[in-house]
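Novice: test case, fold it:
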Amino acid sequence: MTTTTNSKNDYSGLIVHLRDLQRGSEYRYRHGESGFLSEEELAYVSREFPEGELIRYDGGYPGAGKKKVIFLTDQEDDFSDVVCLKAETDQRFRKIGHRDVLGALMSLQIDRHSFGDLWVEEQAIYIYTSASMGRFICDNLIRIADLNVSFQVIDEHPEQQRKYERLEMVIASLRADAVTAALCHCSRSEAKEMIRRGLVQFNHVTLVDADEVCNNNFTISIRGTGRFIFVQELRKTRKDRIVAEFLKAV
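Specialist: Numbers count the residues shown, from 1 in each chain. You can find the predicted model right below:
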């Protein structure tokens, strides 16, 4: 099922769509599910549809970045159509990456909301998707770049192992503009302009105010720079600036 949004920061259409799914599930007494939602979409949607006995978020494994919203019929309903596809690969002579896999899926005109997390390891490619789309991908995705591939549904649901680099940064304060300036190695005025242009997210929500305060375990995404996790304040310098610990996704 395709799920779309009206614009970069307007999720009213998505909320309406999910309310329709929820009402349809209640009226017909059968489960309903969205497509796979991005982390930004999930950040907004979870406010309106908190996870509970009749609402579940499922991306195939607990730490999945992209998940479906599933509306259940009762407390005993354990429906999920999320499956994991795996293709074993020999990349000794041709290395492929995330963009190669994404491009191959797009070339099959598969909507981005039809699959969840995907990643490439040394000897395998993993894609989370729905059972129906999984059959289509297995039948049709047979080549990525110059590499022949053969996907199969597997019983296991492996987790993507994300790698991080530890950083210590000196920041003027915990304000969003100060944190952004330190991570991007730019001035605070430049950081404010980046925030104004919608290039900075805290916990997958696009920032509006430069004076938003960063707290422990916040995820900070800066377009063109990368993704970071603010871990903690370590100490203060003699000039009362903050030495903070970050993790940078690599």
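
Novice: which intervals of the protein have sub-threshold pLDDT?
Specialist: In the predicted model, the chain carries pLDDT under 70 at residues 1-9.

Novice: again, only this time at 80
Specialist: Along the chain, the parts satisfying pLDDT under 80 run over 1-10.

Novice: what packs against the longest helix belonging to it?
Specialist: The residue-count maximum for a helix in the chain (DSSP state H) belongs to helix 12-28. Counting contacts by 3 or more Cβ pairs under 8 Å, 6 or more residues apart in numbering; DSSP states H and E, helix 12-28 packs against strand 32-33, helix 39-48, strand 68-71. No exception for glycine: its C-beta is placed from N, CA and C like everyone else's.

Novice: in that helix, which residues are buried?
Specialist: The neighbour-count check on helix 12-28 (16 or more other Cβ atoms under 10 Å) flags 14-15, 17-18, 21-22, 25 as buried.

Novice: go through the helices and strands packed on helix 12-28 and pick out the most buried.
Specialist: strand 68-71 (a mean of 24; mean count of other Cβ atoms under 10 Å).

Novice: strands paired with that one, and their directions?
Specialist: Strand pairing for strand 68-71, determined by DSSP bridges: strand 32-33 (antiparallel), strand 55-58 (antiparallel).

Novice: can you list those strands in a markdown table and add distance to R47?
Specialist: Output for the strands paired with strand 68-71, formatted as a markdown table (distance: least, Cβ to Cβ, whole Å):
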| stretch | distance to R47 |
| --- | --- |
| strand 32-33 | 19 |
| strand 55-58 | 12 |
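
Novice: in a strand, F230, correct?
Specialist: Yes. Under DSSP: H, G, I helix; E, B strand; the rest coil, F230 sits within a strand.

Novice: that one contacts F218, doesn't it?
Specialist: Yes. Between F230 and F218 there is a contact at 4.7 Å, judged by Cβ atoms under 8 Å.
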